[in-house]
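In: this one's sequence-less:
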C-alpha cells in the first residue's frame, strides 16, 4: 500500500488531478442549481418609450410539475440602452438572463423609423444568436405581443417561433432570421425583409359571445366592454432599407414576389369568370410544384432579366352551380382560357409587387446580386453611370414567361 | 525514454501547426481586409510556408544527427544562434498567448459565460506543463491517439455545414494593395511549421518516407481551404460578424428544425486542437529557453514559461483586442524574421555546405 501511494505521488498529473478535485468538488456541491440563478429567455421584445428602451423578456422558468406545462412569464426592464434594459429586467426577474435559447426578437414598428440595426446590436453580439433568432416587428408594443403569446401557448399549444417558422417556410420562403436581416443590411442594396405580426383589439364582449350565449346572458349586464389585444398572423412582412421601414407587404404581394423563388410553393391563385362547358365559374388553383430558370444579360448595354417559370397547378375549388363538377371532384383539365387568365393574374401580381421594390429602391429578391454574380464586368460598367447601386433594379428589363401545367 | 518521433507523428504535428490560429477568428479578420479573397491570402501564405518542408528534408539529409542549435552554432557562432533562439522563444510565447486568448474567448462565449480566467488556466496549464516535461515523444504519441478524433470532428463540422444555406462566395473583390497588405498583416498567424526545425534531430525519416509529410501538409491545407470556403459561402457579407469559423459553420438556422446546438462537435474538436497546439508551442518555448540557458533544466523552463505567460496574459495581453492588434502590427515584424529570413539563413547554410562539399556530420 505504501509503495502504491509512493508510486502515485510520484506522478505529477495525478497530484494535479487531486488538487483540481479538491478545488472544484466543493464548488460544484455548494453552487445553487442553474434554474435558480438563470432565467431561460425564449423571446426578446424591444420598445422605445420616452427616449428609453424597454426590453421585455418572455421567460421560461423551469419548475418541477406533473402537467408538462411550461411556466412562461413576460418580464421587462427599462434603460437608456438595450443592455441596461436587459440588466434591469433581470433585476426584476431575480435571475440572470440566459439568452442562448431566444428564438424570437420582436421590435415595435415605430423603432423601424430609425436604423434598427443599432437597436439590435447587443443581440447580434451574442454568439450564435443571430442565426437562431427570428426577427419580426409588430404594430403594437413588443411587450404586448409577447404577453399575447402566453395565451397562444395555453390555448393552442403554439409557440411564437413556430408561428413565424410556419410563415418562413410557407410564405416568405426565405430566411427571416436576424442573420438574414444583417445579410440584407450589409448587402449591396442594404435591403432586408422581416416578418410582421399584428395585434388586433378584440372586445371581451365579442370573445364571450364566442364562448357561448349562456355565459353572455348571465354576465352580459355587468360586463363593461374591455379591450383585449389578440395576435393575428396575416402573413405580412416589412421591407427595410438601411434598417428603416420603407414599405409593408401583404401576404399576396409576398406570394407574387415569390414567383421567382422555386422554394415557394402551395400558394393559391384565384381566377374569376372562367367560361367552361357548364357555365361561368370562379376557380381556385394551388401551385403544386415550381421550376424557375433564370438568366441575366446585358442587351445593348442594358440589363435584362429573363425567367421562365414552370408551374404545376392543381384545381382546388370551383365556385358556381354545376352538377357535373359536384360529381367529379378531380377535374384537372385546363383549357387555353384558364391558362391565359392564370398567366395574366400571376404576371400582374408580380408586376404590382415589383413596383413597390422599384419605388423604394429595395432589392429583396436579389436581382442586383444576380447580375453582379453573372457578369461582373458589365455590371460594374453599368453601375458607373448610375447615381447609386440602389437604382439598378429600376433599370432592369424583366422578361418573365410563365408556363402552366396540370401535372 | 528515446526522444524521437516517426514520420507519421511528424505529419500530425505538422497538421496541428497548420491549424494554429486559422480555425476561429482568422477567416473573419481576413474578410474584414479582403472579403472572400481571404481564401487566396491563406493559400498563398500556406504555399510560402510549405517551402519549409523541403528545407527540413535537405537539412536533415546533410545534418542527420545534429540539432538546429548545433547547426546554427557551428556555422554562425554562439551569439547569433542565441539571438535566433531568443527570437524563436518570443515567437512561440506570443503564439501561445494568441492561441489561448482566441480559444478562451470562444469558450467563454460558448460555455463558461461568467466564469473567470483562472479556471481556464487551472485546466490548461498543468496539461501543457506536463507534456513539456515528458518531452516530444509522449506529446506526439498523444496526438497520434487523438488524431482520428480530431479529424472526424473537423470533417463532421464541414459536413454538417453543408445542410445550411451555402452559396458561392464572391471572390476577387479586393485590390492588390489590400491583398498584399492582408498577407503582411496576418503573417504572424502562419509560419507555425518552423517548430519542425527545433525537433530536426528528433525526427526519424526512413528512405522514401518524405512524401508522407507532404500528404499531411496537403490534407491540412485542403481542410483549411474547405473551412474558409464553406464559411464565406454561408455567411457572405456578414462573415466579419462571426468570430468562430469552425463552430459558426455548424450553427443552424431556426428554419432547419432548430437543431441549433450541434456546435458541441466543434467545441470538442477545438478543445483538442488547442491543447495540442499549446503543447507544441510551449515545447518550442522550453526548447529555446534550455538552449539559451543550457545550465537550467526543464523544470526551470516550465516555471519561467508559466510566470511569463501569466504576467503577459493577465496584466497586459489578456485584453483580446490588444493581442489581436499586436499580431497585426509589431509581431508581423517578428513573423517576417522567423517565417522568411530565418528559413533563408538555413537555406544559405545548406547551400554553403553543399558547395564546400563538406562531409556529412
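Out: Looks like it arrived, so ask away. What you see is a predicted model, and the numbers here were worked out from it, not measured in a lab. Numbering: from 1, shown residues only, chains lettered A, B, ... in the order given.

In: For residue B:173, which three-state class applies?
Out: coil (DSSP: H, G, I helix; E, B strand; the rest coil).

In: can you tell me how far the closest residue to chain A within the stretch 251-361 of chain B sits from residue B:293?
Out: Proximity of the stretch 251-361 of chain B to chain A (Cβ to the nearest Cβ) peaks at residue B:251, 4.6 Å away. Every C-beta, even on glycine, is put in place using the N, C-alpha and C of the backbone. When Cβ to Cβ, to the nearest Å is the yardstick, residue B:251 and residue B:293 sit 47 Å from each other.

In: between these two, which one's more packed in?
Out: Neighbour totals were compared for residue B:251 and residue B:293, and residue B:251 leads with 26 against 13 (other Cβ atoms under 10 Å in any protein chain shown).

In: can you pull the buried residues of the worst-scoring helix or strand of chain B on mean pLDDT?
Out: Ranking every helix and strand in chain B by mean pLDDT, DSSP states H and E puts helix B:320-327 at the bottom, with a mean of 83. The neighbour-count check on helix B:320-327 (16 or more other Cβ atoms under 10 Å in any protein chain shown) flags B:323-324, B:326-327 as buried.

In: elements contacting that helix?
Out: Applying 3 or more Cβ pairs under 8 Å, 6 or more residues apart in numbering or on different chains; DSSP states H and E, one finds that helix B:320-327 contacts helix B:78-107.

In: again, 10 Å this time
Out: helix B:78-107, helix B:330-336 (3 or more Cβ pairs under 10 Å, 6 or more residues apart in numbering or on different chains; DSSP states H and E).

In: Check those helices for me and report the most buried one.
Out: Mean neighbours per residue, mean count of other Cβ atoms under 10 Å in any protein chain shown, is largest over these for helix B:78-107, with a mean of 20.

In: relative to helix B:320-327, how tilted is that one?
Out: 140 degrees (axes from the mean of the first three to the mean of the last three Cα atoms, to 10 degrees).

In: I'd like the distance between the closest residue to residue A:75 other than its chain neighbours and residue B:346.
Out: Spatially, and ignoring its direct neighbours in sequence, residue A:75 is nearest to residue A:93 (4.5 Å; Cβ to Cβ, 6 or more residues apart in numbering or on different chains). Note on residue A:93: its distance to residue B:346, by Cβ to Cβ, is 62 Å.

In: Which one's more surrounded, the two?
Out: Remark: of residue A:93 and residue B:346, residue B:346 carries more neighbours, 23 against 19, as counted by other Cβ under 10 Å.

In: pLDDT score assigned to the more buried one?
Out: We note a pLDDT of 93 for residue B:346 in this prediction.

In: which element is it on?
Out: Using DSSP states H and E, residue B:346 sits in helix B:342-356.

In: on contacts alone, who are the packing partners of the helix or strand that contains residue B:307?
Out: Following DSSP H and E, one finds residue B:307 within helix B:298-311. Counting contacts by 3+ Cβ pairs under 10 Å, 6+ apart, helix B:298-311 packs against helix B:78-107, helix B:117-134, helix B:264-292.

In: Excluding residues flanking it in the chain, which one is nearest the residue of the stretch 151-300 of chain A found nearest chain B?
Out: Distance from chain B to each residue of the stretch 151-300 of chain A (Cβ to the nearest Cβ) is smallest for residue A:186, at 4.3 Å. Nearest non-adjacent residue to residue A:186, counting by Cβ to Cβ, 6+ apart: residue B:237, 4.3 Å away.

In: For the one you found, grab the count of nearby residues.
Out: 20.

In: who are the neighbours in contact with it?
Out: Residues in contact with residue B:237 (Cβ atoms under 10 Å, 6 or more residues apart in numbering or on different chains) are A:182-188, A:369, B:31, B:35-36, B:169-170.

In: what about 6 Å?
Out: Residues near residue B:237 by Cβ atoms under 6 Å, 6 or more residues apart in numbering or on different chains: A:183, A:186-187.

In: can I get the residues you listed in a markdown table with neighbour count and pLDDT?
Out: Below are these laid out as a markdown table (neighbours: other Cβ atoms under 10 Å in any protein chain shown; pLDDT from 0 to 100):
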| residue | neighbour count | pLDDT |
| --- | --- | --- |
| A:183 | 20 | 90 |
| A:186 | 16 | 93 |
| A:187 | 18 | 91 |
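
In: Need phi/psi at the nearest residue to residue B:36 once chain neighbours are set aside.
Out: Nearest non-adjacent residue to residue B:36, counting by Cβ to Cβ, 6+ apart: residue B:169, 3.8 Å away. Backbone torsions of residue B:169, given as degrees, to the nearest 10, read phi -70, psi 150.

In: What's the separation between residue B:169 and residue B:238?
Out: 12 Å.

In: Residue B:33 now?
Out: 16 Å.

In: Show me which of these two is the more surrounded one.
Out: Set residue B:33 next to residue B:238 and count neighbours by other Cβ under 10 Å: residue B:238 wins out with 23 against 19.

In: and the closest residue to the more buried one other than its chain neighbours, how many neighbours?
Out: The shortest distance from residue B:238 to any non-neighbouring residue, by Cβ to Cβ, 6+ apart, is to residue A:182 (4.8 Å). A count of nearby residues for residue A:182, using other Cβ under 10 Å, gives 22.

In: mind listing what's buried in the host helix or strand of residue A:383?
Out: Here residue A:383 sits within helix A:376-384, counting by DSSP H and E. Neighbour-count burial for helix A:376-384, counted by 16+ other Cβ under 10 Å, picks out A:378-379, A:382-383.

In: Now do that helix: everything it contacts.
Out: Against helix A:376-384 from outside (Cβ under 6 Å, 6+ apart): A:298, A:371-372, A:389.

In: And those, which is closest to residue A:97?
Out: Nearest to residue A:97 among the contacts of helix A:376-384, counting by Cβ to Cβ, is residue A:389 at 39.6 Å.

In: which residues sit in contact with the closest one?
Out: A:188, A:383.

In: That one and residue A:298: what is the separation?
Out: In terms of Cβ to Cβ, residue A:389 sits 16 Å off from residue A:298.

In: repeat for residue A:45
Out: Distance, residue A:45 to residue A:298, using Cβ to Cβ: 46 Å.

In: ok, and does the helix or strand harbouring residue B:230 reach over to chain A?
Out: Assigned by DSSP H and E, residue B:230 belongs to helix B:210-235. No. Judged by Cβ under 6 Å from any Cβ of the partner chain, helix B:210-235 stays clear of chain A, getting no closer than 7.9 Å.

In: returning to that earlier point: mind checking which helix or strand the residue of the stretch 251-361 of chain B closest to chain A is in?
Out: For residue B:251, there is no enclosing helix or strand under DSSP H and E.

In: coming back round to it: residues making contact with the least confident helix or strand of chain B?
Out: With Cβ under 6 Å, 6+ apart as the test, helix B:320-327 has contacts from B:98, B:101, B:105, B:188, B:317.

In: Find the residue closest to the second one in space, skipping its chain neighbours.
Out: For residue B:101, the nearest residue in space outside its immediate sequence neighbours is residue B:323; the separation is 5.0 Å by Cβ to Cβ, 6+ apart.
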